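J.: Provided below are the primary sequence and the corresponding predicted coordinates.
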Amino acid sequence: MVTPAVLYWYFTQDGNDNRRLWLPSDEYMGRVNLLETSPYTLNKSIRLKNVQWADSGKYQCKVSVTTEKDDRFRRTGNETLLMVYETMMFNLNSHNDSLLSCEVNVTRDAGFLLSISHNGCKLQPVDSAPGDAGAALPFTTLSETVSLRSKGEYKCQLQLNKDLITKSIFLYHPPVARDGEGGEKNVSRMCPSTVPEPGVVVFPEPWLLYMAVLLVPFTTLLVLITVLLMYRC
C-alpha cells in the first residue's frame, strides 16, 4: 500500500450515494466516529451517535486502496440494514386498570414482533395494533393489551424473527379489598397449631400462677442464705 486505505460508508436506501457517513456529509456531521482511529488499522467500523428515524435503512461500506502494483482499486462490502426502536412503554392501561398495555415505536416494515407473557406463558391480547402509522411517518407503532389474570411477573418482549431486541417487566400485585367488598380480603390467619377445635373453650395462660411458683424456691433460697450468714456472725 502506498497510502492508508480510505473508507467510505454510504446510505443506499434511496439509491443516492451523496449521503456519505465517513467522511461525513451534512446529515451525519458530528454524529459518526471511527472505532479505531489509526489509519493503518484493519478495523474500519464506525459508530453512529444520536440515531434518528431518518437513519433507518440500508448502508454499504467501500474501501479505496492504492498499491504500487495495482495502482488504485476499490472493494465494496455487503449491505447492512439499520433498524431503530424507541423506549418501550409497559404499564396499566390509562382507561382501565384491569388491563395491561405495551407499546413501542419501531422502523416501518422491519418485521418486528411484540408479545406479552405471564409467568412464562404467552397471553392472547384483547387488543393489538400490528403496525399503526401514518404514511408520512418514518416509524410504526406496535401495541398489545392483555387482561390482568393474577399476581406475578408480566413480560413484554420485542423480537425480530427469533432474536430478542428488548423487553420490559411489570410485577403485578392485586389490590387488597376491605371487608364487605369483592376481591381478596386482608384476613389474619392463625397458625394451624393454635386453631381451637369446635366446642373447646380456650382459657388464657395463667401467667401470675407461673410467677408465684417461681418465686417460692427463690424465697426459700434467700431465707436459707440469711440464716447461714446470721449463724456465722
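T.: Perfect, thanks for sending it.
J.: give me the distance from stretch 215-231 to the chain's centre.
T.: Its chain's average C-alpha position is 73 Å from that of stretch 215-231, according to C-alpha atoms, centre = their mean, to the nearest Å.
J.: buried sites along it?
T.: Judged by neighbour count (16 or more other C-beta atoms under 10 Å), stretch 215-231 contains no buried residues. To be clear about C-beta, it is placed using only N, CA and C from the backbone, and glycine gets the same treatment.
J.: how about the residue positioned nearest the centre of the chain: what's its closest non-neighbour residue?
T.: Nearest to the geometric centre of the chain sits Ser168, at 3.4 Å (C-alpha atoms, centre = their mean). Leaving aside its chain neighbours, Ser168 sits nearest to Phe90 (3.9 Å; criterion: C-beta to C-beta, 6 or more residues apart in numbering).
J.: OK, contacts around that neighbour?
T.: Shown in contact with Phe90 (C-beta atoms under 8 Å, 6 or more residues apart in numbering): 100-103, 154, 156, 168-170.
J.: residues near Asp109, how many?
T.: Asp109 has 11 neighbours, counted by other C-beta atoms under 10 Å.
J.: no wait, Pro24
T.: 17.
J.: what's across from the residue nearest to it when sequence neighbours are not counted in the sheet?
T.: Closest residue to Pro24 apart from its sequence neighbours, by C-beta to C-beta, 6+ apart: Val32 at 5.0 Å. Beta bridges link Val32 to Leu48 when assigned by DSSP bridges.
J.: verify the stated contact: Val32 with Ser25.
T.: No: with contact defined as C-beta atoms under 8 Å, Val32 does not reach Ser25; the gap is 9.8 Å.
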